[in-house]
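*Asks:* Let's see this in three dimensions:
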Amino acid sequence: MNLKLEIEEFGKTLEENALIKARTVHYITKLPVISDDSGLFIQALNGFPGIKSSDFQKENKNYLEKILEMMKDKENRKAYFRCVIVFIDNQSKGYIFDGEVSGEISYEILGNKGFGYDPIFLYKPLNKTFAQIDMEIKNQISHRAKALKKLKEFLTNNFLF
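*Replies:* Now for the predicted structure:
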């Protein structure tokens with residue numbers, strides 16, 4: 001099935017947005033669905049861009065520079081990425097899995113790997129931004145990796161594959 005949809009994310013949380021997308025696709029296809037939503041939450045900016053991470057990126061060509069400009073006088077640089085994955089089974093029952101990774105906002109754009117906010121998200125245990133970390137490593141430590149691990153464990157323990 002080749003399904004192309006533009007689903008408006010009007011929720012107030014990552015969970016709500018992931019559920020909106022999953023329920024919409026499940027309603028149309030009547031098939032099990034996996035959907036996600038994620039965002040970067042910066043403590044000194046009261047959680048901004050948060051659930052609006054994707055919108056802020058799309059609306060601002062120089063979104064990384066804008067974030068760094070907003071952070072220029074901030075001492076508290078703590079931030080985290082969060083991902084919420086929703087799985088809806090063939091009985092229309094929904095399950096939610098989340099993952100989070102803590103870090104800081106760097107003082108400059110560093111690295112060319114990854115995407116989105118990776119070049120300004122400093123992962124302290126490696127003292128590198130996500131854009132400086134090899135994808136194999138990032139795919140083990142990221143917020144999405146953590147949420148996907150929970151989903152995989154759930155599917156392995158609850159469904160026969």
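*Asks:* from here on, contacts and neighbour counts on C-alpha atoms
*Replies:* OK.
*Asks:* low-confidence ranges in the protein?
*Replies:* Where the chain drops to pLDDT under 70, the residues are 1, 160-161.
*Asks:* mind listing the strands for it?
*Replies:* With DSSP state E, the ranges of strands along the chain come out as 33-42, 78-88, 94-105, 121-123, 128-129.
*Asks:* Excluding sequence neighbours, find me the nearest residue to Ser38.
*Replies:* Nearest residue to Ser38 in three dimensions, chain neighbours excluded: Cys83, at 4.1 Å (Cα to Cα, 6 or more residues apart in numbering).
*Asks:* swap in Phe81?
*Replies:* In this structure, Phe81 finds its nearest non-sequential neighbour in Leu40, 4.5 Å apart by Cα to Cα, 6+ apart.
*Asks:* How much space separates the residue most central in space within the chain from Asn76?
*Replies:* Note on the chain: the residue nearest the mean C-alpha position is Ser38, at 2.5 Å, using Cα atoms, centre = their mean. Per Cα to Cα, to the nearest Å, Ser38 is found 22 Å from Asn76.
*Asks:* Neighbours of Gly47, how many?
*Replies:* When neighbours are counted by other Cα atoms under 10 Å, Gly47 registers 15.
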